[in-house]
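Asker: Pasting the sequence and the predicted model now:
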Amino acid sequence: MLWSLVRILLFITVVLGLTWGAVRLLEVSGQAVITLPGIEFTLTPLQMVIGLLAFAVALWLLAKALGLLMAFLHFLNGDETAVSRYFSRGRERRGFTALADGMVALASGEGQLALTKAQRAERLLDRPELTNILTAQAAELSGDRYTAEETYKKLLTDERTRFVGIRGLMKMRLADGDSETALKLAEKAFELKPRHEEVQDTLLRLQAESHDWAGARTTLGAKLKSGALPRDVYKRRDAVLALSEAQEVFADDSSIEAREASIEANRMSPDLIPAAVMAARAYLKAGNKRYATRVLRKAWEVHPHPDLAAAFAEIEPDETPAARLKRFSTLTRAQTSHPETKMLLAELNIAAEDFPAARRALGDLPTTEPTARNLALMATIERGSGAEDRVVRGWLARAVTAPRGPQWVCEKCHKIHAHWTPICDNCGGFDTLAWVTPPREEIVMPGGADMTPLLEDRPVASAAAAAEEAARPSEGPSLLEEDVTGDMDPDAMDNADNAATEPTQPDEQSAKK
């Protein structure tokens with residue numbers, strides 16, 4: 001509002017000034033005479049001023065006309081002029097409109113439409129760094145792999161788009177399963193942009209798949225420096241890479257390097273079970289039983305695991321069951337309430353033929369957290385305690401359909417692995433295996449029937465009855481012999497299953513009676 005008032009006042013001031021000047025010129029006496037051949041002009045001062053202004057305007061218009069004529073001549077000659085720039089601006093406007101429509105179509109998943117718009121933008125614009133990117137991505141989305149690949153190669157010629165071209169070709173090679181070429185492209189992309197998180201992850205995975213553990217550790221360090229990885233995760237994954245490197249060194253029988261790598265892996269991540277096992281075996285190879293015991297004890301205090309118990313047994317392989325039970329107290333004193341500790345103690349007592357102690361060690365684990373392993377242990381205890389065959393078969397029947405307990409499960413694709421590996425062989429995930437209980441698959445018996453009533457004609461013994469049965473002398477050999485640190489052999493489970501299902505007909509007839 002104020003600016004409008006100022007402009008009005010300024011306009012009035014200019015008009016008043018011109019009026020005052022015109023009046024002053026009218027008051028001036030005299031005249032100007034302009035003589036031309038045969039013509040004489042007599043002008044008053046006001047007329048002379050008006051004539052000068054009109055002459056100046058005419059000169060300006062003439063200059064503009066000459067400029068327009070010269071521009072038209074340049075336009076006809078093919079030179080860049082204001083006229084050509086005018087048409088160029090219209091062409092550029094249509095090109096950017098097509099480019100924007102192509103980007104919208106690409107984001108909407110309409111690959112063919114995006115490719116059409118990209119081709120139109122390429123015809124209207126002289127901006128290959130923009131149109132080639134859209135063309136390549138649109139062609140890839142629409143399934144035109146040849147056009148996509150050729151366009152990505154064009155992007156390699158420009159410094160500004162070289163990374164985009166390399167990344168696009170890398171992804172296409174990964175889709176084709178050409179890991180070797182994809183690895184080289186990933187290394188080149190990493191050189192151009194070492195802080196790019198997607199390139200870091202891809203390069204790390206490809207290096208791990210190709211067993212380039214040293215290169216993978218370098219890439220992992222770059223992820224830490226760029227802030228893409230927390231320090232605690234970095235330490236564990238670096239330990240995984242060091243452990244993987246140590247495993248290959250062991251395979252090459254280079255014991256000194258293997259010991260150093262495995263011990264380094266255990267130092268960086270003491271809770272990494274395979275690292276602790278390998279470090280302990282490295283110490284054993286060097287004749288240092290004391291350090292091996294300490295490594296396994298610390299790992300057991302963090303996470304009890306059967307592999308740790310197996311490695312602990314290797315420290316004194318020729319000891320008697322009683323001596324082994326006493327030595328294993330180093331482990332069993334820690335994490336006493338953990339299921340793994342209970343099952344380990346039960347196995348040690350079974351090996352020592354102390355079945356009441358084995359039953360006490362298991363406690364209520366077979367009923368509160370039943371697994372195939374602790375139910376098989378319970379069947380062994382019953383057999384060693386002299387229980388009837390139907391009682392033993394009852395425990396084995398439960399073991400057949402019970403969960404297998406914790407296993408190495410990929411947290412990404414949930415595939416179960418028999419042994420720990422740094423890379424999931426199903427989804428290719430790096431450091432995704434965890435010792436957890438997989439989701440249980442329900443097993444439905446035919447007709448919804450349960451096998452247990454056919455295998456035993458009485459309920460599970462109470463605590464008092466179990467204690468009485470435990471006092472009986474053993475009537476048969478133990479199902480678990482010297483190796484008490486692992487799970488029950490799958491073949492033994494199959495044999496037990498067959499043995500448990502064969503005598504069901506007589507029991508069924510007696511049940512009907």
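Answerer: Received the coordinates, thanks.
Asker: Please make it C-alpha for all contacts and neighbour counts, starting now.
Answerer: Fine.
Asker: Pull out the buried positions in the helix or strand hosting residue 191.
Answerer: Using DSSP states H and E, residue 191 falls within helix 179-192. Buried residues in helix 179-192, defined by neighbour count with 16 or more other Cα atoms under 10 Å: 179, 182-183, 185-190.
Asker: Going by distance to residue 424, which of those residues wins?
Answerer: residue 179 (16.1 Å; Cα to Cα).
Asker: Check that closest one and give its pLDDT.
Answerer: At residue 179, the predicted lDDT confidence score is 90.
Asker: Residue 243 now?
Answerer: Turning to residue 243, the model gives it a pLDDT of 80.
Asker: measure it to residue 315 for me?
Answerer: 21 Å (Cα to Cα, to the nearest Å).
Asker: Beyond the helix holding residue 191, next helix or strand please.
Answerer: Beyond helix 179-192 toward the C-terminal end (DSSP H and E), the next one is helix 197-209.
Asker: which strands and helices sit next to the helix or strand just after that next one?
Answerer: Beyond helix 197-209 in the direction of the C-terminus, DSSP H and E gives the next helix or strand as helix 213-225. Where contact means 3 or more Cα pairs under 8 Å, 6 or more residues apart in numbering; DSSP states H and E, helix 213-225 is packed against helix 197-209, helix 231-251.
Asker: what would those look like in CSV with mean neighbour count?
Answerer: Conversion of the helices and strands packed on helix 213-225 to CSV gives the following (neighbours: other Cα atoms under 10 Å):
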stretch, mean neighbour count
helix 197-209, 21
helix 231-251, 20
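Asker: I'd like these laid out as TSV, including distance to residue 95.
Answerer: Listed next are the helices and strands packed on helix 213-225 as TSV, based on distance: least, Cα to Cα, whole Å:
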stretch	distance to residue 95
helix 197-209	32
helix 231-251	47
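Asker: ok, then the element right after whichever helix in the chain runs longest?
Answerer: If you go by DSSP state H, the chain has its longest helix at helix 45-77. Going down the chain from helix 45-77, the next helix or strand is helix 82-107, by DSSP H and E.
Asker: Count the residues that sit near residue 68.
Answerer: 15 (other Cα atoms under 10 Å).
Asker: how near is it to residue 285?
Answerer: Taken as Cα to Cα, the span from residue 68 to residue 285 is 95 Å.
Asker: can you name the farthest residue from the center of this structure?
Answerer: What lies farthest from the middle of the chain is residue 38; by Cα atoms, centre = their mean that is 98.9 Å.
Asker: That one and residue 370: what is the separation?
Answerer: Counting by Cα to Cα - residue 38 and residue 370 are separated by 131 Å.
Asker: next one: residue 360
Answerer: 16 Å.
Asker: So for the two, which sits in the more crowded spot?
Answerer: Higher neighbour count among residue 360 and residue 370: residue 370, with 18 against 14, using other Cα under 10 Å.
Asker: Surely that one and residue 402 touch.
Answerer: Yes - using Cα atoms under 8 Å, residue 370 is in contact with residue 402, at 6.5 Å.
Asker: What ranges does the stretch 301-450 of the chain have for its helices?
Answerer: Using DSSP state H, counting those that start in this stretch, the helices of the stretch 301-450 of the chain run over 306-313, 321-327, 329-332, 339-351, 355-362, 365-368, 372-385, 389-401.
Asker: picking that back up, output the contacting helices and strands for the helix holding residue 191.
Answerer: helix 162-176, helix 197-209.
Asker: In a markdown table, list those along with distance to residue 89 and mean pLDDT.
Answerer: Output for those, formatted as a markdown table (distance: least, Cα to Cα, whole Å; pLDDT from 0 to 100):
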| stretch | distance to residue 89 | mean pLDDT |
| --- | --- | --- |
| helix 162-176 | 29 | 92 |
| helix 197-209 | 38 | 90 |
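Asker: Redo those as TSV? Include distance to residue 432.
Answerer: Converted to TSV, the helices and strands packed on helix 179-192 look like this (distance: least, Cα to Cα, whole Å):
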stretch	distance to residue 432
helix 162-176	20
helix 197-209	12
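Asker: Of these, give the one that comes closest to residue 341.
Answerer: helix 197-209 (34.1 Å).
Asker: got a list of what the nearest residue to residue 22 once chain neighbours are set aside touches?
Answerer: Closest residue to residue 22 apart from its sequence neighbours, by Cα to Cα, 6 or more residues apart in numbering: residue 46 at 6.7 Å. Applying Cα atoms under 8 Å, 6 or more residues apart in numbering to residue 46 gives the contacts 22, 25-26.
Asker: Tally up the residues packed near the spatially closest residue to residue 226 that is not a sequence neighbour, please.
Answerer: Distances taken as Cα to Cα, 6+ apart place residue 195 nearest to residue 226, at 5.7 Å, with adjacent residues excluded. Counted with other Cα under 10 Å, residues neighbouring residue 195 total 17.
Asker: State the pLDDT value of residue 195.
Answerer: pLDDT, read off for residue 195, is 90.
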